[in-house]
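> predicted structure and sequence below. I'll ask about it afterward.
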Amino acid sequence: MSSVISIANLSKTYKGGFKALDGVDLEIERGEIFALLGPNGAGKTTLISIVCGIVTPTSGQVLADGHDIQREYKKARSKIGLVPQEISTDMFEKVIVTVNFSRGLFGKAPDSAYIEQLLKDLSLWDKRDSAIRELSGGMKRRVMIAKALSHEPEILFLDEPTAGVDVELRRDMWRLVSSLRERGVTIILTTHYIEEAEEMADRVGVIRGGEIILVDKTEAIMRKLGKRRLSLTLQEPLESLPAGLGEWSLELADEGHQLLYSFDANEERTGIPTLLRKMTDLGIGFSDLDTAKSSLEDIFVDLVSDNGDGKSAEAAE
Ligand SMILES: Nc1ncnc2c1ncn2[C@@H]1O[C@H](COP(=O)(O)OP(=O)(O)OP(=O)(O)O)[C@@H](O)[C@H]1O
């Protein structure tokens, strides 16, 4: 498969000397849904902003559909739609005027049938003649999506698309993402709703401290790093972990009613039988037990926390 976005050795040092990106190499394949995950301040927005031509890189190169984002800005940018984190638009303008205007900005001829369908897909058609400032927060976000899609881009960036939006908009958004994908649009999103990345994304990239630390197929990440978790519902709550259970990596949850044990599903010896025996010896009874696969969320927390590679999430920020 060919790359639709090609990022090579990209670095950004902001005025004041802060290095937000450090030698990022990343290839985004045509037609895929790519989720970019990283803690606050990792550099996600900076990366997206450079690809969209809003922020100038300090060094490195970005090609969008073969066009250099700096030297051939107009050509490159016309391929891209961006739904930013913040709502930024002329609040006094009418919805339909704003969306038509956005399309015109990219040099596309008016297409009233396309815009009508777009506004209908986003449940904005009835509001087309309203001034944007009169709309609810969720509706304003829908307008930002409509603007981003107004010129029929081949690549769509969604910067934290579901942060702070209601369930209905989230559902509509994912429906839209699925239908865009069917039409061959490449989608790159950043999200804190990691279970959505797990569900929607073909591949996941993890960014921390301005560096891409992992890129892989979503299910490969799950397989490689997937841990399982055993939850034991205790008969009597525990205030703290008994010293006698020190050799297992345990956690207490639900005010001491749940004992959680994370283990590697790929290991032959999980340590569970000895743990249960030891608990019996210590007189810790349980009334229920359950195991579950850890989510991408757990994996992500694992990756960005200090896990022996000498870097912690804090140090990276
Ligand atoms: N214009 C700027 N000038 C100086 N520093 C900046 C500027 N913009 C961003 N930064 C810094 O660069 C780092 C990366 O910021 P960025 O917004 O790219 O992170 P992010 O991964 O998108 O975070 P979040 O999840 O919080 O949105 C942060 O430490 C931020 O403070």
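Alright, I've got the coordinates.
> so Thr45 is in contact with Leu82, correct?
No. Judged on Cβ atoms under 8 Å, Thr45 makes no contact with Leu82 at a distance of 10.8 Å. To be clear about C-beta, it is placed using only N, CA and C from the backbone, and glycine gets the same treatment.
> where does the chain have low pLDDT?
Applying pLDDT under 70 to the chain flags the ranges 1, 192-195, 222-226, 266, 294-317.
> report the contact partners of the residue of it most remote from its centre.
Farthest-out residue of the chain from its mean C-alpha position, per Cα atoms, centre = their mean: Asp281, at 44.9 Å. Contacts for Asp281 (Cβ atoms under 8 Å, 6 or more residues apart in numbering) come out as Gly244.
> anything in contact with each of Thr45 and Leu82?
Residues within reach of Thr45 and of Leu82 at once, by Cβ under 8 Å, 6+ apart, are Asp159.
> buried residues of stretch 169-177, list them for me.
Using 16 or more other Cβ atoms under 10 Å as the test for burial, stretch 169-177 gives 169, 172-173, 176-177.
> give me the subset of those lying in helices.
169, 172-173, 176-177 (DSSP state H).
> out of these, who's nearest the ligand?
Lowest distance from the ligand to these (Cβ to the nearest ligand atom) belongs to Met173, with 18.1 Å.
> surely that closest one and Ile145 touch.
Yes. Between Met173 and Ile145 a contact is recorded at 7.3 Å, counting by Cβ under 8 Å.
> shared neighbours, those two?
With Cβ under 8 Å, 6+ apart, Met173 and Ile145 have common neighbours Pro161.
> neighbours of Asp129, just the number please.
By other Cβ atoms under 10 Å, the residues close to Asp129 number 9.
> before we move on, what about Gly81?
The number of residues packed near Gly81 is 25, by other Cβ under 10 Å.
> partner residues bridging it?
Applying DSSP bridges to Gly81 gives these bridge partners: Leu156.
> show me the contacts for it.
Neighbour list for Gly81: 148-151, 153, 155-157 [criterion: Cβ under 8 Å, 6+ apart].
> gap between it and Glu152?
Applying Cβ to Cβ, to the nearest Å, the value for Gly81 to Glu152 is 8 Å.
> ditto for Ser88
Distance, Ser88 to Glu152, by Cβ to Cβ: 21 Å.
> likewise Thr13?
The gap separating Thr13 from Glu152 is 35 Å, by Cβ to Cβ.
> same question, Arg30
According to Cβ to Cβ, Arg30 and Glu152 sit 16 Å apart.
> all strands of the chain, in order?
3-13, 19-29, 33-37, 59-64, 67-68, 80-83, 155-159, 186-190, 203-208, 211-217, 227-234, 250-253, 258-264, 286-293 (DSSP state E).
> which strands and helices lie in contact with the fifth one?
Same thing as strand 67-68. Strand 67-68 sits against helix 73-77, with contacts defined as 3 or more Cβ pairs under 8 Å, 6 or more residues apart in numbering; DSSP states H and E.
> what sits against Thr291?
228-231.
> which residues does it bridge with?
Applying DSSP bridges, one finds that Thr291 bridges with Leu230.
> top of the contacts of Thr291 by number of neighbours, please.
Neighbour tally across the contacts of Thr291 (other Cβ under 10 Å): the maximum, 20 neighbours, falls on Leu230.
> need the contact list for that residue.
Neighbouring residues of Leu230 by Cβ under 8 Å, 6+ apart: 260-261, 263, 272, 289-291.
> just Leu10 next, same as before
For Leu10, the contact set (Cβ under 8 Å, 6+ apart) comprises 21, 23-25, 47, 50, 57, 59-62.
> neighbour count and distance to the ligand added to those residues, as TSV?
Compiled in TSV, these are given as follows (neighbours: other Cβ atoms under 10 Å; distance: Cβ to the nearest ligand atom, whole Å):
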residue	neighbour count	distance to the ligand
Leu21	27	8
Gly23	14	15
Val24	23	11
Asp25	13	17
Leu47	30	7
Ile50	25	10
Pro57	22	12
Ser59	12	16
Gly60	16	15
Gln61	14	19
Val62	22	15
